[in-house]
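K.L.:
What would the 3D arrangement of this be:
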Amino acid sequence: MWLWIGLGVLGVLGAVAIYDVTQRRHAILRNFPIIGHFRYWFEAVGPELRQYIVTSNDEERPFSRDQRRWIYSSSKKENNYFGFGTDNDLERSPGHIILRHSTFPLHLPHAGEPGYQPEHPAPCYRVLGQWRDRKHKLRPGSIINVSAMSYGSLSGSAVEAVNRGVALAGALQNTGEGGISDYHRKGGEIIWQIGTGYFGCRGQDGTFSMERFLESVASAKVRAIEIKLSQGAKPGLGGVLPAAKVTPEIARIRGIPVGKDCISPAAHSAFSDVSSLLDFIERLAQESGLPVGIKSAVGHVQFWRDLAAEVEQSGRAPDFITIDGAEGGTGAAPLAFSDHVALPWKIGFPQVYREFAQRDLQHKIVFIGSGRLGFPAEAMLAMAMGCDLINVAREAMMAIGCIQAQRCHTGHCPTGVATQNKWLMRGLDPTLKSARLANYLVSFRKEVLQLAHACGHEHPALVPLSSIDILGDGLSTRSAVEVLGYQPQWALRAR
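P.N.:
Sure, this is the predicted structure:
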């Protein structure tokens, strides 16, 4: 009898294992058959267990359990509501965001009502390249887009899932500085990021090549160019891709020799100061016709002061500025850099925006926020502060399967998102995960629109900063205008 029971158990386990490795919906089960089920069981009973042990819903970092649950349920089109009221202690939460809703809110039609739009379109309020009248200026179709993540840091399956997902959601994908791969050519429109290594537009000596640049622009759905000055993960630090990792595919994409160390310097060789940076921007825009912007974390404010002054005096300007926060960044980095270099987004962005607003230039340049802003209230604050677009990175990774295992730097991401391991990559199905990314982006846009309508405004960009308060110590609250040191009119958009 025990033999037959044992055989029966083995048969059931074998059937489960076969099902797990052949199904495509869950990367964890596909990569770790049978034992992967424990993760989902623990997730299901987590709220009950946490009444007695472990951590609260808001303690884990960098993303809390509540935040992850909202992303996962949104991406799967499941119920993303929360019951029994907030579990945040609002009376003891300094820095907490409070939106002052209108007594006369606008109504967003529900399913079955006239005017209902399931996609919840929310185009950018401004046009990229409008002020400098670029030949191929564009109004992005989504206020929420995917931030810079290179092929190499992410798997090919993950990059493809993101590219297909932004196509479904009408959004944009930033390539990251690793060049334009085949996985970026699956239907989605891209912003091509150019870093210090000039991958995809690199001459044999490692410097910028205009000929290669134009070839790459013509080869894909490139809608804008972003020059990366620094990023939140490791600002001011270059990088080395070891020779062993420079495969023929990587070499072809980046335009580098196979089997040799690939160096990404800390600084650009195509320019060395503010004036030559603006010359480089204008040169790229003139040759390609595309809007050209810059991305940077915030360190010395003097650079931004000099940039704003030069824009005011000469008229040369980036078409957009992406500000990355020190709390952002998908890339692996030394602990000292990730913890101590560059300013957090809510502190750094106002310092940059202020320099342009004081010269009345803030409405001529599109501002993009990036740095753990992938949630409706955070995005609403960012837009009220002057952002026109929001970029998400790690939140997008979670939408396609990331479980915050924090193994990105090891090459052993269990869900196949941040790895080049072929066994782990096979667990991530780009077709299914692209739909989940699109669902997350659409749900995100919907809730940002709902917040704007609750404040009495048709578009999130029209919500004034005076509609947002920041909780202080005790029972105090202050207007975000006062907290950030803004002039009331700085971030207001003309209707």
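K.L.:
Determine how far the last residue of stretch 91-101 lies from the first.
P.N.:
19 Å (CA to CA, to the nearest Å).
K.L.:
how about it: buried residues?
P.N.:
Within stretch 91-101, the residues scored as buried using 16 or more other CB atoms under 10 Å are 96, 97, 99. C-beta here means a position set from N, CA and C on the backbone, and glycine is covered the same way.
K.L.:
Now go through those residues and say which are in strands.
P.N.:
Among the buried residues of stretch 91-101, the members falling in strands (DSSP state E) are 97, 99.
K.L.:
Would you mind giving the buried residues of stretch 91-101 as JSON lines with distance to residue 314 and pLDDT added?
P.N.:
Output for the buried residues of stretch 91-101, formatted as JSON lines (distance: CB to CB, whole Å; pLDDT from 0 to 100):
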{"residue": "96", "distance to residue 314": "42", "pLDDT": "91"}
{"residue": "97", "distance to residue 314": "38", "pLDDT": "94"}
{"residue": "99", "distance to residue 314": "39", "pLDDT": "95"}
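K.L.:
Return the closest of the buried residues of stretch 91-101 with respect to residue 419.
P.N.:
Nearest to residue 419, judged by CB to CB, of the buried residues of stretch 91-101 is residue 97 at 34.7 Å.
K.L.:
Beta-bridge partners for the closest one, please?
P.N.:
For residue 97, the beta-bridge partners are residue 470 (DSSP bridges).
K.L.:
Residue numbering should commence at 45 henceforth.
P.N.:
Sure thing, new numbering starts at 45, so read that last one as residue 141.
K.L.:
I figured it hits residue 521, correct?
P.N.:
No: no contact is recorded between residue 141 and residue 521 when judged using CB atoms under 8 Å, the distance being 10.8 Å.
K.L.:
Common neighbours of the two, please.
P.N.:
513, 514 (CB atoms under 8 Å, 6 or more residues apart in numbering).
K.L.:
what's the neighbour count on residue 471?
P.N.:
Neighbourhood size, residue 471 [other CB atoms under 10 Å]: 28.
K.L.:
So it sits against residue 75, correct?
P.N.:
Yes: counting by CB under 8 Å, residue 471 does reach residue 75; the two are 3.9 Å apart.
K.L.:
okay, and the common contacts of those two?
P.N.:
Common neighbours of residue 471 and residue 75 (CB under 8 Å, 6+ apart) are 459, 460.
K.L.:
just the strands in the stretch 245-394 of the chain please.
P.N.:
Along the stretch 245-394 of the chain, the stretches classed as strands by DSSP state E, counting those that start in this stretch are 266-272, 283-285, 306-308, 336-341, 364-368.
K.L.:
Of those strands, which stretch is the most buried?
P.N.:
Among those, strand 364-368 has the highest mean neighbour count (mean count of other CB atoms under 10 Å), at a mean of 27.
K.L.:
and it, what does it pack onto?
P.N.:
For strand 364-368, the packing partners by 3 or more CB pairs under 8 Å, 6 or more residues apart in numbering; DSSP states H and E come out as strand 266-272, strand 336-341, helix 389-401, strand 410-414.
K.L.:
quick one, strands of the stretch 395-539 of the chain?
P.N.:
Per DSSP E, counting those that start in this stretch, the stretch 395-539 of the chain carries strands over the ranges 410-414, 433-436, 512-515, 521-523.
K.L.:
for the chain, what's the longest helix?
P.N.:
Identified as the longest helix of the chain according to DSSP state H is helix 474-498.
K.L.:
Can you point out the buried residues in that one?
P.N.:
474, 476-498.
K.L.:
ditto for stretch 116-128
P.N.:
By neighbour count on 16+ other CB under 10 Å, the buried set for stretch 116-128 is 116, 117, 118, 119, 124.
K.L.:
how about the CA coordinates for that stretch, as CSV?
P.N.:
Extracted in CSV, the C-alpha atoms of stretch 116-128 (Å, rounded to 0.1, in the frame of the first residue of the first chain):
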residue,chain,number,x,y,z
TYR,A,116,0.9,43.0,-9.6
SER,A,117,-2.9,43.3,-9.4
SER,A,118,-3.0,46.1,-11.9
SER,A,119,-0.8,44.3,-14.4
LYS,A,120,-3.0,41.2,-14.2
LYS,A,121,-6.2,43.2,-14.4
GLU,A,122,-7.2,41.9,-11.0
ASN,A,123,-8.9,43.8,-8.2
ASN,A,124,-6.3,46.5,-7.2
TYR,A,125,-8.5,48.0,-4.5
PHE,A,126,-7.6,47.9,-0.8
GLY,A,127,-10.2,47.3,2.0
PHE,A,128,-10.8,48.4,5.6
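K.L.:
Run through the residues that contact the residue minimising distance to the centre of the chain.
P.N.:
Compute the mean C-alpha point of the chain, and by CA atoms, centre = their mean the closest residue is residue 436, 1.9 Å away. Applying CB under 8 Å, 6+ apart, we find residue 436 in contact with 188, 189, 190, 191, 414, 417, 418, 488.
K.L.:
The last one contacts residue 422, correct?
P.N.:
Spelled out, it's residue 488. No: taking contacts as CB under 8 Å, residue 488 lies outside contact range of residue 422: 10.6 Å.
K.L.:
rewinding a little: lowest-confidence stretch among the strands of the stretch 245-394 of the chain?
P.N.:
Among the strands of the stretch 245-394 of the chain, strand 283-285 carries the lowest mean pLDDT, a mean of 66.
K.L.:
The closest residue to residue 220 other than its chain neighbours and residue 130, how far apart?
P.N.:
Closest residue to residue 220 apart from its sequence neighbours, by CB to CB, 6 or more residues apart in numbering: residue 194 at 3.1 Å. According to CB to CB, to the nearest Å, residue 194 and residue 130 sit 37 Å apart.
K.L.:
Tell me which of the two has more neighbours.
P.N.:
Just comparing residue 194 and residue 130: by other CB under 10 Å the higher neighbour count belongs to residue 194, 22 against 11.
K.L.:
And the pLDDT for the more buried one?
P.N.:
At residue 194, pLDDT is 89.
K.L.:
List the contacts of it.
P.N.:
219, 220, 221, 222, 223.
K.L.:
so who does residue 177 touch?
P.N.:
Not one residue lies near residue 177 by CB under 8 Å, 6+ apart.
K.L.:
Then the one 3 residues further on?
P.N.:
Under the criterion of CB under 8 Å, 6+ apart, the contact list for residue 180 reads 173, 267, 332, 333, 334, 335.
K.L.:
So which residues of the stretch 95-244 of the chain form helices?
P.N.:
Assignment of helices within the stretch 95-244 of the chain using DSSP state H, counting those that start in this stretch yields the ranges 109-119, 200-213.
K.L.:
what residue ranges in this protein score low on pLDDT?
P.N.:
84, 86-103, 276-286, 288-289, 372-377, 539 (pLDDT under 70).
K.L.:
Let me see the domain layout of it.
P.N.:
Listed by automatic domain parsing, the domain ranges of the chain are 45-98, 188-507.
K.L.:
how deep is residue 183 tucked in, by neighbour count?
P.N.:
Look at residue 183: counted by other CB under 10 Å, it has 13 neighbours.
K.L.:
Return the member of the contacts of residue 194 nearest to residue 385.
P.N.:
residue 221 (17.9 Å).
K.L.:
Give me the nearest residue to the closest one, chain neighbours excluded.
P.N.:
Distances taken as CB to CB, 6+ apart place residue 239 nearest to residue 221, at 3.0 Å, with adjacent residues excluded.
K.L.:
ok, back up a step: can you put the strands of the stretch 245-394 of the chain in TSV and add distance to residue 464?
P.N.:
Shown next, in TSV, are the strands of the stretch 245-394 of the chain (distance: least, CB to CB, whole Å):
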stretch	distance to residue 464
strand 266-272	22
strand 283-285	12
strand 306-308	15
strand 336-341	25
strand 364-368	25
